[in-house]
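Asks: Please find the sequence and the predicted model below.
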Amino acid sequence: MKKLFLAASLIALFCPLALAAQSRFDGTWKVEKQQPSKKPYIFLLQNGTFTCKNCVPVWSVPADGQDHKISGDPYSDAQNVKVISEHELTIVSKKNGKTVTTRKLSISPDGKTMKIEFSDSSESNSAPVTGSGTLTRASAGPAGSQLVSGSWLLGALTQSDNGVTFTLKVAGDTVTMSTPTGQSYSAKLGGPDAPYKGDAGTTSVSVKRVGANTIEETDKRDGKAVLVSTMTVDGDGKTMAIVNNELLSGRIFHDTAMKQ
């Protein structure tokens, strides 16, 4: 679910044109509008076990309020699911014994909507990213399962500024990116993969221009592409459209960022 909230992952934008054109991309940007993916999130809570059925990786643990090991997730190695009531539960993700993400899931009395409140430090080297989101039920769970079970579509999502802000600088053909949560890189347009720092799930990055005002960035984990972002800046250099394609989950998000 981590990527559901994502929290996460804002990408650099730049252009190898004349100096005047480059300056449109330099500065601090903030995502102010987010259009979530139309692919639902699927949960199952049945017979005392909670399963995040289309998380990457899929994981399943007893919902007993205890830590249980999982594998294959670079951001966490244990999950703790506690059922408070039929309408409420908490999920705590940990890595090396340290809490990295907390989520509180609250389902409406009619079972049609769900609010998620979160605090996420799995990608942060400073203050955690906090926020909340609202999901709408797309389908019910199987007979005998608890209310959280079924498929859900993410709607409105809000995040603290440190989760939606990033800074860019272009010098020649070298682009630098940094975020308040500690991610950074320097990469050459059309060049080889460059190290991506501060993100356990992203080890390298490559960037290329695909249009006068459009750049494609590919984030990789151990050489395998995990995210492709297409970024387009408008003519006045104040608005940036970002399409994030999460290759592992199959989700596509559309964001709009404004220069600060």
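Replies: Alright, I've got the coordinates.
Asks: Run the chain-centre distance for whichever strand or helix holds Gly155.
Replies: Using DSSP states H and E, Gly155 sits within strand 150-159. Strand 150-159 has its C-alpha centroid displaced from the chain centroid by 13 Å (Cα atoms, centre = their mean, to the nearest Å).
Asks: same question, stretch 198-208
Replies: That offset, for stretch 198-208, works out to 14 Å (Cα atoms, centre = their mean).
Asks: do stretch 168-182 as well
Replies: The answer for stretch 168-182 is 19 Å, by Cα atoms, centre = their mean.
Asks: Let me see the domain layout of this protein.
Replies: For the chain, automatic domain parsing gives the domain ranges 2-37+163-259, 41-161.
Asks: Please list the residues outside stretch 87-106 that contact it.
Replies: 1-2, 5, 45, 50, 63, 67, 75-84, 107-109, 114-122, 147-148 (Cβ atoms under 8 Å, 6 or more residues apart in numbering). (C-beta placed from N, C-alpha, C; glycine too.)
Asks: picking up where we left off before, CSV please, covering the domains of the chain and showing mean pLDDT and mean neighbour count.
Replies: Below are the domains of the chain laid out as CSV (pLDDT from 0 to 100; neighbours: other Cβ atoms under 10 Å):
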stretch, mean pLDDT, mean neighbour count
domain 2-37+163-259, 83, 18
domain 41-161, 96, 17
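Asks: separation between the nearest residue to Leu248 once chain neighbours are set aside and Val226?
Replies: Excluding its sequence neighbours, the residue lying closest to Leu248 (Cβ to Cβ, 6 or more residues apart in numbering) is Val56, at 4.4 Å. Val56 sits 9 Å away from Val226, going by Cβ to Cβ, to the nearest Å.
Asks: Common neighbours of the two, please.
Replies: Joint contacts of Val56 and Val226 (Cβ under 8 Å, 6+ apart) are Leu248.
Asks: which residues touch Ala156?
Replies: Taking Cβ under 8 Å, 6+ apart as the test, what Ala156 contacts is Gly133, Thr134.
Asks: Next one: Leu105 from Met240, what distance?
Replies: 32 Å.
Asks: same deal with Leu89?
Replies: 37 Å.
Asks: Repeat that for Lys112.
Replies: Distance from Lys112 to Met240, by Cβ to Cβ: 34 Å.
Asks: likewise Val83?
Replies: On the measure of Cβ to Cβ, Val83 and Met240 end up 41 Å apart.
Asks: And for Lys259?
Replies: Relative to Met240, and taking Cβ to Cβ, Lys259 is found at 8 Å.
Asks: Please give the element, helix or strand, for Met231.
Replies: With DSSP H and E as the test, Met231 turns up in strand 224-233.
Asks: which residues does the residue nearest to Gln46 when sequence neighbours are not counted contact?
Replies: Leaving aside its chain neighbours, Gln46 sits nearest to Ser145 (4.1 Å; criterion: Cβ to Cβ, 6+ apart). By Cβ under 8 Å, 6+ apart, the contact list for Ser145 reads Leu44, Leu45, Gln46.
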